[in-house]
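S.K.: sequence? don't have it. structure:
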């Protein structure tokens, strides 16, 4: 696909460049949930008006499919995590939710504002009991179950592009993904990234750009999949393509539209 598109561009530009009276405007138009297309047009110097000689649309190939984890690759049940920590700390589920999420602790950890040691220490302080690494991992694991259908789609597109995970979480999740969700670890290997590693959480553009830069991929060649509209919007604002995840069938259609799956 790449070689065909490159050859098409070379042929068009060579043909158009022979028209001495023309200059060339090259731009990109990006529509929500649509692939990226480049528009090449010729404009007459003499008339100073758009004089359409040739228009060429071509699909920018996708080099990276970047997935959110919770509620995309895995079914995430926060209540199961809360129940586990409530049992450990002898607190009510509401007290646990307030301590972890209401206090802003989880958001700080996701953004990399505190390291894992400080995160576990503050969790223990807020719950009034020691929360060890094993305790935290057990609670997190109980909240996760693999979304087999989406994982199968990810495996299928891995034959045509890179695949990776970008999740809003502390590094504890990416560092221990083999324990937390073995199917994700088996499929994505080392390409599971926690937002904390980039010192910002989605939907910050910094999170997306640092992640794809570490994979050696340009924004326009990256398709990001998330179940939260704010995160998809953040990815698009950073120059990536974005797909709002609703179910595996719609995601499969998106992949087919980009030539990542056979029709």
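M.R.: It's in. Since we're looking at a predicted model, the values are computed, not measured.

S.K.: Per-residue pLDDT of residue 262, please?
M.R.: What the model reports for residue 262 is a pLDDT of 82.

S.K.: Count the residues that sit near it.
M.R.: 8 (other Cβ atoms under 10 Å). Using the backbone N, CA and C atoms, a C-beta is placed for each residue, glycine as well.

S.K.: Grab the nearest non-local neighbour of it.
M.R.: Nearest residue to residue 262, sequence neighbours excluded (Cβ to Cβ, 6 or more residues apart in numbering): residue 256, at 7.5 Å.

S.K.: from the middle of its chain, how far away would the strand or helix carrying the one you found be?
M.R.: Counting by DSSP states H and E, the element that carries residue 256 is helix 248-257. Averaging C-alpha positions (Cα atoms, centre = their mean, to the nearest Å) puts helix 248-257 15 Å from its chain's average.

S.K.: Next, the residues that contact it from outside, please.
M.R.: For helix 248-257, the external contacting residues (Cβ atoms under 8 Å, 6 or more residues apart in numbering) are 33, 35, 65, 147, 149-150, 153, 156-157, 223, 225, 243, 245, 261-263.

S.K.: What's the mean pLDDT across it?
M.R.: Helix 248-257 shows a mean pLDDT of 97.

S.K.: go on, stretch 121-128?
M.R.: 98.

S.K.: Please compute how far it lies from its chain's middle.
M.R.: For stretch 121-128, the distance from its own C-alpha centre to the chain's C-alpha centre is 31 Å (Cα atoms, centre = their mean).

S.K.: Next, the buried residues of it.
M.R.: 122-124, 126-127 (16 or more other Cβ atoms under 10 Å).

S.K.: Stretch 202-210 now?
M.R.: Residues 202-205, 207-210 are the ones in stretch 202-210 that count as buried (16+ other Cβ under 10 Å).

S.K.: before we move on, what about stretch 94-106?
M.R.: Neighbour-count burial for stretch 94-106 [16+ other Cβ under 10 Å]: 95-97, 99-100, 105-106.

S.K.: Would you mind giving the residues you listed as CSV with distance to residue 218 added?
M.R.: As requested, those are exported to CSV (distance: Cβ to Cβ, whole Å):
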residue, distance to residue 218
95, 46
96, 42
97, 40
99, 41
100, 37
105, 35
106, 32
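
S.K.: Keep only those of those residues that are in helices.
M.R.: 95-97, 105-106 (DSSP state H).

S.K.: want to try CSV for those residues, with distance to residue 143 as columns?
M.R.: What follows is these, written out as CSV (distance: Cβ to Cβ, whole Å):
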residue, distance to residue 143
95, 18
96, 12
97, 13
105, 17
106, 13
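
S.K.: For the stretch 1-150 of the chain, which segments count as helices?
M.R.: Taking DSSP state H, counting those that start in this stretch, the helices of the stretch 1-150 of the chain run over residues 2-17, 78-89, 93-97, 105-110, 116-127, 133-142, 148-157.

S.K.: Packed most tightly, which of those would that be?
M.R.: helix 105-110 (a mean of 20; mean count of other Cβ atoms under 10 Å).
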